[in-house]
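Student: fold the following for me, if possible:
(2 chains, ligands or ions: 3)
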Amino acid sequence: MDFLRPASWEEALAAKAEHPSAVPIAGGTDVMVEINFDHRRPEYLLDLNRVADLYEWETGEDTVRLGASVPYTKIMENLRSELPGLALASHTVASPQIRNRGGVGGNLGTASPAGDAHPALLAAGAEVEAESVRGSRRIPIDDFYTGVKRNALAPDELIRAVHIKKADGPQQYSKVGTRNAMVIAVCAFGLALHPGTRTVRTGIGSAAPTPVRATVAEDFLNAALEEGGFWDNGKIITPSVAKEFAGLCAAACNPIDDVRGTASYRRHAVGVMARRTLTWTWESYRGARRTSEGAA
Amino acid sequence: MRVNLTVNGRPQEADDVWEGESLLYVLRERLGLPGSKNACEQGECGSCTVRLDGVPVCACLVAAGQAEGREVVTVEGLAEYARQRSSGDAGDTPDLAPIQQAFIDAGAVQCGFCTPGLLVAADEMLEHNPDPSDADIREALSGNLCRCTGYEKIMDAVRLAAARQQEAV
Ligand SMILES: Cc1cc2nc3c(=O)[nH]c(=O)nc-3n(C[C@H](O)[C@H](O)[C@H](O)COP(=O)(O)OP(=O)(O)OC[C@H]3O[C@@H](n4cnc5c(N)ncnc54)[C@H](O)[C@@H]3O)c2cc1C
Ligand code: FES
Ligand code: FES
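Tutor: Ligands and ions are numbered 1, 2, ... in the order given. Sure, this is the predicted structure:
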């Protein structure tokens, strides 16, 4: 095994071009487990810890450009108002020690259906900035997950950053597990209201081979909200609408039975989380509307 | 490969390090510092918790080469680390950090395997949060498993250390 230690982003790209089989290591919270248990013996480890750019984030007008290695702890501490869904999801990851090291770049690299960043990224809307010596491209998050633990990166590419839409409305993240800390999701659900475009977006974790959006459910809800004038009148969402939305979210799942839960439990739980996160976010949207109207 | 790092304030050099080796292995097997424990090697138990440039991490998940040029504090250096924090550079190092004394006084140690990791994590929390609520303590220690104590005595110990720290200022 060789340990490559690029000191800059350019050096990292050059190293990856020269050794496409090299395994990048950022926080190491996935990679080191595999090495410790002899599940993986890469020829080259490509250490990204010295690439300072990857630990920075920039808040633009509409998006946050989040460096691939920014640890979850920093997201929770610094980006709660811009990226509330991702901050909530980050807080559910493992433990403080893991959150101090692991980040979204590694979560995307592993692309586990159970990764907690994915539902939040799908719901918020995001693009992965991938780069190689050949150039840079933006991969829409909807196209990034290509299979179980597979992603759209080319062998010579590295993730530089993720461009995530800044929240323009309330967001929620919900996760089912056997305890509060240190738990892989049995299943998870992210939801974001986008009052700017009058749309709702979702993300489902651990209930299909890849993280997915419940697009049919979104389309149904967007139409129902528009038709009922809900965005303007701020009324409570009709229970039958919420119920239909929850059912369509459950139907978007394609889960398996495993040690953490059965497929039917997962489907059921996703429906429950969909209804709850919709209620929570809609309540806070209505609250914000009332306050702004009261002030006007 | 060779790895140079600072451990508990002292420059250290480890030779013949395998590229896939963890920082935990280097500390325990190459540098003679077995305080940090190895119980799971997968980040689940926290018994290998050390400070890496001040940040609590699982040493079993840091590749040795990633620690090159960085500062590590292990339980062996905790007393000195805590002393420097409270009194600057002057004075002798007591044998135990306040958090260690509190664990003993509260009876928070049984087999002791989880203790080094808990001490490092708890000490770090008290550095940033001198007046933690029970929820704060549980959150800060949520990455550290103990199979013996049932955690109540550990909670007592951290509350005791926090109270003593506040009396001292
Ligand atoms: C005890 C424990 C509990 C966990 N609990 C959770 C949990 O609750 N939720 C959850 O989502 N995850 C969990 N994880 C998994 C892990 O912490 C996350 O997936 C984390 O986001 C990985 O980030 P990292 O920086 O540590 O990745 P690394 O281990 O460094 O890398 C992970 C993968 O991404 C690749 N990679 C890293 N950076 C880049 C880059 N810039 N470009 C291209 N590829 C890259 C690596 O080659 C590797 O394939 C847990 C892990 C442990 C050990
Ligand atoms: S040995 Fe590192 S967390 Fe268990
Ligand atoms: S005292 Fe034995 S594991 Fe905690």
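Student: rest of the way, CA atoms for contacts and neighbours
Tutor: Noted.
Student: return the residues of chain B in contact with ligand 3.
Tutor: Applying CA under 6 Å from any ligand atom, one finds that chain B approaches ligand 3 through B:109-114, B:146-149.
Student: between those residues, which has the most around it?
Tutor: Counting neighbours by other CA atoms under 10 Å in any protein chain shown, B:Cys114 leads those with 25 neighbours.
Student: just list the residues touching it, thanks.
Tutor: Residues in contact with B:Cys114, defined by CA atoms under 8 Å, 6 or more residues apart in numbering or on different chains, are B:37, B:45-47, B:144-146.
Student: one step back: tell me which of the residues of chain B next to ligand 3 is nearest to B:Ala102?
Tutor: Of all the residues of chain B next to ligand 3, B:Ala102 sits closest to B:Val109, with 10.3 Å by CA to CA.
Student: and that closest one, what's its pLDDT?
Tutor: Per-residue pLDDT puts B:Val109 at 98.
Student: for the residues of chain B next to ligand 3, which one is nearest B:Ala63?
Tutor: Of the residues of chain B next to ligand 3, the one sitting nearest to B:Ala63 (CA to CA) turns out to be B:Cys114, at 21.7 Å.
Student: for A:Asn180, give me its contacts.
Tutor: Shown in contact with A:Asn180 (CA under 8 Å, 6+ apart): A:Thr92.
Student: let me fix that: A:Met182
Tutor: For A:Met182, the contact set (CA under 8 Å, 6+ apart) comprises A:93-95, B:44, B:142-143.
Student: and ligand 2, which of those contact it?
Tutor: The overlap between the contacts of A:Met182 and the neighbourhood of ligand 2 (criterion: CA under 6 Å from any ligand atom) consists of B:Glu44.
Student: and of the contacts of A:Met182, the nearest to A:Asp142?
Tutor: Proximity of the contacts of A:Met182 to A:Asp142 (CA to CA) peaks at A:Val93, which lies at 21.9 Å.
Student: would JSON lines of the residues of chain B next to ligand 3 with secondary structure be doable?
Tutor: Compiled in JSON lines, those are given as follows (DSSP: H, G, I helix; E, B strand; the rest coil):
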{"residue": "B:Val109", "secondary structure": "coil"}
{"residue": "B:Gln110", "secondary structure": "coil"}
{"residue": "B:Cys111", "secondary structure": "coil"}
{"residue": "B:Gly112", "secondary structure": "coil"}
{"residue": "B:Phe113", "secondary structure": "coil"}
{"residue": "B:Cys114", "secondary structure": "coil"}
{"residue": "B:Cys146", "secondary structure": "coil"}
{"residue": "B:Arg147", "secondary structure": "coil"}
{"residue": "B:Cys148", "secondary structure": "coil"}
{"residue": "B:Thr149", "secondary structure": "coil"}
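Student: dump the contacts of A:Met182 into TSV; add pLDDT, neighbour count and secondary structure as well.
Tutor: Formatted as TSV, these follow (pLDDT from 0 to 100; neighbours: other CA atoms under 10 Å in any protein chain shown; DSSP: H, G, I helix; E, B strand; the rest coil):
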residue	pLDDT	neighbour count	secondary structure
A:Val93	98	23	coil
A:Ala94	97	20	coil
A:Ser95	97	25	coil
B:Glu44	97	19	coil
B:Ser142	97	20	coil
B:Gly143	97	26	coil
